[in-house]
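Q: Give me a 3D structure for the following:
(one chain, ligands or ions: 1)
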Amino acid sequence: MRKILLAGNWKMYKGIKETEIFIKELKEEIDEEIFEKSDIAICPPFTSLYIASNLLKDSKIFLGAQNVFYEKEGAYTGEISPKMLKEIGVKYVIVGHSERREIGKEDDEMIAKKVKAVIDEDMIPILCVGEKLEEREKGIEKEIVEKQIISGLKFVNEKDEFVIAYEPVWAIGTGKTATPEIAGEMQGFIRKKIGEIFGKDKAEKTRILYGGSIKPENIEELIKHPEIDGGLIGGASLKKESFLSIIKNSIRSLK
Ligand code: PEP
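A: As a prediction, the model looks like this:
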């Protein structure tokens, strides 16, 4: 049985004060049953990571980062290394989010190096993959995702832990959630590809999340799908009430 992971991607929202308020309130409302059945992570922006790390020291909520650079240190103005993230207690690092592929012009080679660099620091990359609307309309969505999986994982070994997030670009921040059937079909395809690369055993152990307009109202049916092992949640993770409802509804659907 794969333990579900629910990770909140705060994007470029929440400075130090808002982070502090959110975490203090969230900690009070998450109980042991939630931690037994799921892993919970929040991914604040870089400047809020340190305060978040201090506030989460006595908690089972994991800390995640939204991006990273692939070198350990050096003349890379504006970048943050995996070692720096590790030092402040980061466990998960989102790599290859579509907003970074699109706005930051990150290519497959760079994403593959980042995935490897995160693993080398004993953290867990959440590799994001997903097709754009026009690619789905052309019927090439599987080709696109297959390429992203093969290239993103090219420096990874079978023993390395990684998480995949299937995030169709047309579903991110648009309010258009993929149906459990659409997400589940692609996630089954991704699992098959992981099996071809690393073997069936690894594929069965690997968590594949869905991301794209998850809300408290749609998480239950998504989580019920056997191929969906949790969610990467953007907009709906910014309000404590909706993030908490997503967590509680997910747990309910596991019962
Ligand atoms: C995301 O940013 O990874 C995401 C899935 O965003 P949203 O939930 O807002 O669609």
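Q: which SSE is the nearest residue to residue 106 once chain neighbours are set aside in?
A: Leaving aside its sequence neighbours, residue 106 sits nearest to residue 100 (Cβ to Cβ, 6 or more residues apart in numbering; 4.9 Å). In this view, the C-beta of every residue, glycine as well, is placed from N, C-alpha and C. Secondary structure assigned from DSSP states H and E places residue 100 in helix 98-102.
Q: got the buried residues for the following helix or strand past that helix?
A: The helix or strand immediately downstream of helix 98-102 is helix 108-120, counting by DSSP H and E. For helix 108-120, burial by neighbour count (16 or more other Cβ atoms under 10 Å) applies to 110, 111, 112, 113, 114, 115, 116, 117, 118, 119.
Q: Switch these over to CSV; also include pLDDT and distance to residue 139.
A: Converted to CSV, the buried residues of helix 108-120 look like this (pLDDT from 0 to 100; distance: Cβ to Cβ, whole Å):
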residue, pLDDT, distance to residue 139
110, 97, 28
111, 98, 24
112, 98, 26
113, 98, 31
114, 98, 30
115, 98, 28
116, 98, 32
117, 98, 34
118, 98, 33
119, 98, 33
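Q: residues making contact with the helix holding residue 100?
A: Applying Cβ atoms under 8 Å, 6 or more residues apart in numbering, the contact partners of helix 98-102 are 11, 67, 106, 107, 111, 128, 130, 167, 169, 172.
Q: Can you give the distance from the helix or strand encompassing residue 63 to the centre of its chain?
A: Secondary structure from DSSP H and E places residue 63 in strand 62-65. Its chain's C-alpha centre and that of strand 62-65 lie 10 Å apart, by Cα atoms, centre = their mean, to the nearest Å.
Q: Sheet partners, orientation included, of that strand?
A: Paired neighbours of strand 62-65 in the sheet (DSSP bridges): strand 38-43 (parallel), strand 92-95 (parallel).
Q: Now do the shortest one: everything it contacts.
A: For strand 92-95, the surrounding residues in contact (Cβ under 8 Å, 6+ apart) are 5, 7, 9, 41, 43, 62-68, 82, 85, 111, 114-115, 118, 123-128, 152, 163, 165, 232.
Q: Is the ligand within reach of the lengthiest helix in the chain?
A: Counting residues, the longest helix in the chain under DSSP state H turns out to be helix 180-198. No. Applying Cβ under 6 Å from any ligand atom, one finds helix 180-198 separated from the ligand by no less than 11.6 Å.
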